[in-house]
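Chemist: need a 3D model of the following:
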Amino acid sequence: MKRLMFTGCLMAVMATTAWLAGCASRNQEAAQSSGTTSTPAKPAPDPGVVTGTVKSGGRVVLPVPSKSRNWKEVRLQAARRLVAANPDITYMGKPPDLLRAIPVLTFELNADGTIRRVEVMRYPSQDRETVNIAIESMRRAAPFGNVSHLPKPWRFNETFLFNNQHKFKPMTLDQL
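Modeler: You can find the predicted model right below:
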């Protein structure tokens with residue numbers, strides 16, 4: 001059963017990576033075929049970006065989470081809080097073609113958005129310590145807002161894309 005879940009998670013990661021690569025190549029082809037050369041526009045600031053305040057001792061304090069209308073918004077807010085709470089060990093650029101480790105975790109929440117339980121869905125074949133880094137990073141980012149109005153079970157998955165510098169990016173942020 002675990003092997004089947006692992007295979008399913010791995011296939012989902014590979015399919016997402018292939019889809020993202022295809023989108024990038026189609027955009028490049030369209031720009032080349034139009035014959036125009038222009039500088040890329042700067043992206044508008046994302047209104048959903050969460051920023052934390054660094055307190056003495058390097059601890060990051062996050063604002064109170066906003067109320068999410070559905071599970072997609074909970075996952076997105078959690079991913080943004082995850083990056084804000086862990087600025088020294090996250091990256092926001094395009095994930096490298098070859099990732100160091102890809103742990104997949106399931107987070108079960110309490111009604112108030114605090115973490116109730118963590119389950120490892122996929123251990124990476126190398127750098128197993130990345131699982132602990134991911135778990136501790138999510139604990140620093142919690143709570144994720146009141147979820148009592150959402151349907152049960154109150155849980156979601158997150159995939160952590162670790163690069164060679166042991167920094168990670170939540171895969172949710174690549175699925176926008």
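
Chemist: now the strands: where do they sit in the chain?
Modeler: Using DSSP state E, the strands of the chain run over 53-54, 60-61, 104-109, 115-122, 155-162, 168-170.

Chemist: which of the ones you listed sits most buried?
Modeler: Comparing the strands of the chain by mean neighbour count (mean count of other C-beta atoms under 10 Å), strand 168-170 ranks first with a mean of 24. Using the backbone N, CA and C atoms, a C-beta is placed for each residue, glycine as well.

Chemist: who's in contact with that one?
Modeler: 78-79, 82-83, 89-93, 95, 130, 133-134, 137, 158-163 (C-beta atoms under 8 Å, 6 or more residues apart in numbering).

Chemist: mind redoing it with 6 Å?
Modeler: A79, L82, T90, Y91, P95, E158, F160, L161, F162 (C-beta atoms under 6 Å, 6 or more residues apart in numbering).

Chemist: can I get those residues in a markdown table with distance to F168 and pLDDT?
Modeler: Below are those laid out as a markdown table (distance: C-beta to C-beta, whole Å; pLDDT from 0 to 100):
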| residue | distance to F168 | pLDDT |
| --- | --- | --- |
| A79 | 11 | 97 |
| L82 | 9 | 96 |
| T90 | 6 | 97 |
| Y91 | 7 | 97 |
| P95 | 9 | 96 |
| E158 | 10 | 98 |
| F160 | 5 | 98 |
| L161 | 6 | 97 |
| F162 | 5 | 98 |
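
Chemist: mind putting those into JSON lines with distance to F144?
Modeler: Below are the contacts of strand 168-170 laid out as JSON lines (distance: C-beta to C-beta, whole Å):
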{"residue": "A79", "distance to F144": "10"}
{"residue": "L82", "distance to F144": "9"}
{"residue": "T90", "distance to F144": "17"}
{"residue": "Y91", "distance to F144": "21"}
{"residue": "P95", "distance to F144": "23"}
{"residue": "E158", "distance to F144": "11"}
{"residue": "F160", "distance to F144": "16"}
{"residue": "L161", "distance to F144": "20"}
{"residue": "F162", "distance to F144": "22"}
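
Chemist: now do the buried residues in stretch 124-141.
Modeler: P124, D127, T130, V131, I133, A134, I135, S137, M138, A141 (16 or more other C-beta atoms under 10 Å).

Chemist: any idea how far the first one lies from R75?
Modeler: Think P124. Distance, P124 to R75, using C-beta to C-beta, to the nearest Å: 21 Å.
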